[in-house]
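Engineer: just coords:
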């Protein structure tokens, strides 16, 4: 069955938005084609979650105007605390408005580009044309990727030139403080041959409710021998319908590591896919989730092996409380010819209440004989023997549970490279599981 | 002086009766050893004292200075002064050994009066040195990937940091080589004093070469069948358990069997 969806944005709206940002014609055309395609394209089909009745298309307004920040002192307190004092490489977006940007002078001189996505579309057309929705995520995949391309209204672009290793992390903060706002954000990260970079992004709602859409796409390209570490802490408000698609493409000897703290209060569909194209490439994905209230979520993590001797690791730990439900799909796919590839995954779900639902669904799809693969999955309650052990040292039951839960979610917390963000994730976990 | 009194203790696990009337009284400054072959209820006694969720006390009492221990939750028992060095301690991923031990120490203190980090680290370092433990074990996740010997040392380390009034050591010597055994014994001997009482559960006499017990008890068929001084342990080492079985007319010493 094809569902015809009436879109709130017309071709004319899209054209005029594109024109107001002085986008090149090719980009305008890309938007217009995607908009036309979106009408007929089906929704994605995340395994085991029925989203046919989810509302991914309605939103009050496409774009809101928000203030810029002339200095970091103007940031809301919640946001200030996630910026380390020595943070030099920083992009902050205020709803849909690029609000603050800074990049180490030395890095600028060496050819690093850090900018909002609209500026990138205007000023770095060649790079954008090469990487934007061409290989990792395609506009015509399904309705939501098409809508994303058509309605893109924010995001950032990071380019790291050949053989440059950026020591300090690059941080992007997306501040949401307007209920009406929708986030069609795109993060495009290109690490050229032999380069290294750590990128950390924060989605943070400072208002308790949202009425719009969060349709977020990240594309990461690690060229030969490049290394990208991608950390994220998502804390979007209830009321968004969140679709977040983070994908990476690793070429020969390249490495992409993900550490995702998925702490939204909204219903969320998450796709995190790593394509291990080159020989000896490595994809390491770690995801932690806390679901509460009546939240419904689906987290699909895939590593797809094309390269020989490629190594894919998937770790997912979810904590479910109240009546929240979540599906954790882990897919390790080894294509024919990817000899000596290794695909490992571990999915564990901890239930804190009888009404919570969690499903760990490990899938291995293997088209090559000479490979290794493994998976472990479990769904259960906090182990009573662990509690007994901790309590036998005088720790109260409540504190013992807290320790076990924080320990369970530590794999992502511990690897986040920015102290403020690490602390923030710990506090969000604390608040959500209480 | 504190006293732990176990009276007529009967314990079941999953409907099966294991302990059938255990009586032991331990005072601080005393070291008691419970010996006996496998399957006679020694570890069940340890677990019942601490309040393991699977063990059900069906009869009898445990009192600590007159307080009803059986009415307390596990954590209350610990804060009242009991400690159990477990035979199979749980592994807890993501929680560092050091954080866990600080939480345990702070659980005994009022809010706002937590142990200072510097003081804690100094004490932890010195105790780890006593136990010949690698300093990096403080930052490793609690028991995760620890070898058998490392787990035993870690149990004793916790005891030394928490300083309980009564410690029950459940087969702390099993799987330890002679060097580790000496180190662990040193740790236990450091605790000896008028504010500390200890119940050591073991199969083997060899631990008692390093820690001299004041009282030795032999368990069979879920009861204490014989008590004596340190000489009893020596006799068991030399002659085994058969003479006790003969004396008492016991054919099979394990629980579930009657004389």
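Structural biologist: On my side now, so go ahead. All values reported here derive from a predicted model rather than from experimental measurement.

Engineer: going forward, measure contacts between C-alpha atoms and count neighbours the same way
Structural biologist: Fine.

Engineer: and the residue of chain B found nearest chain A, what pLDDT?
Structural biologist: Residue of chain B nearest chain A, by C-alpha to the nearest C-alpha: residue B:94 (3.5 Å). pLDDT recorded at residue B:94 is 95.

Engineer: kindly report the same for residue A:7.
Structural biologist: 67.

Engineer: how about the helices in the stretch 1-150 of chain A?
Structural biologist: A:11-20, A:25-40, A:77-80, A:105-109, A:117-123, A:125-131, A:143-151 (DSSP state H, counting those that start in this stretch).

Engineer: close to chain B: what parts of the stretch 251-400 of chain A are there?
Structural biologist: With C-alpha under 8 Å from any C-alpha of the partner chain as the criterion, the stretch 251-400 of chain A meets chain B at residues A:384-386, A:388-397.

Engineer: now, those residues that are in helices?
Structural biologist: A:384-386, A:388-391, A:397 (DSSP state H).

Engineer: just the buried members of these?
Structural biologist: A:386, A:388-391, A:397 (16 or more other C-alpha atoms under 10 Å in any protein chain shown).

Engineer: show me what counts as buried in the strand or helix carrying residue B:121.
Structural biologist: Following DSSP states H and E, one finds residue B:121 within helix B:117-130. Going by neighbour count (16+ other C-alpha under 10 Å), the buried part of helix B:117-130 is B:120, B:124-125, B:127-128.

Engineer: could those residues go into JSON lines alongside pLDDT?
Structural biologist: Putting the buried residues of helix B:117-130 into JSON lines (pLDDT from 0 to 100) gives the following:
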{"residue": "B:120", "pLDDT": "97"}
{"residue": "B:124", "pLDDT": "97"}
{"residue": "B:125", "pLDDT": "96"}
{"residue": "B:127", "pLDDT": "96"}
{"residue": "B:128", "pLDDT": "97"}
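
Engineer: next SSE downstream of whichever strand or helix holds residue B:168?
Structural biologist: Residue B:168 is located in strand B:166-170, with elements delineated by DSSP H and E. The helix or strand immediately downstream of strand B:166-170 is helix B:178-191, counting by DSSP H and E.

Engineer: can you list the strands that the following helix or strand past that next one pairs with?
Structural biologist: Sequence order places strand B:197-202 as the next helix or strand after helix B:178-191, per DSSP H and E. Next to strand B:197-202 in the sheet, as set by DSSP bridges, lie strand B:31-35 (parallel), strand B:166-170 (parallel).

Engineer: list the contacts of strand B:197-202.
Structural biologist: B:26-36, B:42-43, B:165-174 (C-alpha atoms under 8 Å, 6 or more residues apart in numbering or on different chains).

Engineer: mind doing that once more with 6 Å?
Structural biologist: For strand B:197-202, the surrounding residues in contact (C-alpha atoms under 6 Å, 6 or more residues apart in numbering or on different chains) are B:27-35, B:166-171.

Engineer: ok, residue A:198 - contacts?
Structural biologist: Contacts of residue A:198 (C-alpha under 6 Å, 6+ apart): A:169, A:228-230.

Engineer: show me which of those residues is closest to residue A:209.
Structural biologist: Set against residue A:209, the nearest of the contacts of residue A:198 by C-alpha to C-alpha is residue A:230 (27.3 Å).

Engineer: now the residue nearest to the spatial centre of chain A: which helix or strand?
Structural biologist: Of all residues in chain A, the one closest to the mean position by C-alpha atoms, centre = their mean is residue A:246, 4.6 Å from it. Using DSSP H and E, residue A:246 sits within strand A:241-250.

Engineer: what helices or strands is that strand leaning on?
Structural biologist: When contacts are defined as 3 or more C-alpha pairs under 6 Å, 6 or more residues apart in numbering or on different chains; DSSP states H and E, strand A:241-250 packs onto strand A:213-222, strand A:267-276.

Engineer: what sits up against it?
Structural biologist: A:213-222, A:267-277.

Engineer: walk me through which strands it pairs with, and which way each runs.
Structural biologist: Strand A:241-250 is paired, per DSSP bridges, with strand A:213-222 (parallel), strand A:267-276 (parallel).

Engineer: run the angle between the next helix-or-strand element following the last one and strand A:267-276 for me.
Structural biologist: Just to be clear, that refers to strand A:267-276. Helices and strands here follow DSSP H and E; after strand A:267-276, the next one along the chain is strand A:282-291. For strand A:282-291 against strand A:267-276, the angle by axes from the mean of the first three to the mean of the last three C-alpha atoms, to 10 degrees is 170 degrees.

Engineer: how many neighbours does residue A:251 have?
Structural biologist: 25 (other C-alpha atoms under 10 Å in any protein chain shown).

Engineer: separation between it and chain B?
Structural biologist: 32 Å (C-alpha to the nearest C-alpha, to the nearest Å).

Engineer: how close does the nearest residue to that residue once chain neighbours are set aside get to chain B?
Structural biologist: Spatially, and ignoring its direct neighbours in sequence, residue A:251 is nearest to residue A:278 (4.1 Å; C-alpha to C-alpha, 6 or more residues apart in numbering or on different chains). Separation of residue A:278 from chain B (C-alpha to the nearest C-alpha): 33 Å.

Engineer: hmm, residue A:278 is touching residue A:305, no?
Structural biologist: No: counting by C-alpha atoms under 6 Å, residue A:278 stays clear of residue A:305, with 8.7 Å between them.

Engineer: between the two, who's got more neighbours?
Structural biologist: Per other C-alpha under 10 Å, whichever of residue A:278 and residue A:305 has more neighbours is residue A:305, with 32 against 24.

Engineer: now do the same end-to-end measure for stretch B:157-167.
Structural biologist: Start-to-end span of stretch B:157-167 (C-alpha to C-alpha, to the nearest Å) is 12 Å.

Engineer: could I get the pLDDT score of residue A:223?
Structural biologist: 98.

Engineer: in contact with it, which residues are there?
Structural biologist: Residue A:223 sits in contact with A:192-193, A:251, where contact means C-alpha under 6 Å, 6+ apart.

Engineer: can you check residue A:41 too?
Structural biologist: Residue A:41 touches A:142-143, counting by C-alpha under 6 Å, 6+ apart.

Engineer: can you tell me how far it is from residue A:52?
Structural biologist: Taking C-alpha to C-alpha, one finds residue A:41 at 13 Å from residue A:52.

Engineer: next one: residue A:304
Structural biologist: For residue A:304, the distance to residue A:52 - C-alpha to C-alpha - is 27 Å.

Engineer: ditto for residue A:341
Structural biologist: Taken as C-alpha to C-alpha, the span from residue A:341 to residue A:52 is 36 Å.

Engineer: so between the two, which is more surrounded?
Structural biologist: More neighbours surround residue A:341 than the other of residue A:341 and residue A:52, with 28 against 12 (other C-alpha under 10 Å).

Engineer: skipping adjacent residues, who's closest to residue B:125 in space?
Structural biologist: residue B:135 (7.1 Å).

Engineer: do the same with residue A:403
Structural biologist: In space, residue A:403 is closest to residue B:95, 6.7 Å off (C-alpha to C-alpha, 6+ apart).

Engineer: confirm that neighbour sits in a helix?
Structural biologist: No: assignment of residue B:95 by DSSP: H, G, I helix; E, B strand; the rest coil gives strand, placing it outside any helix.
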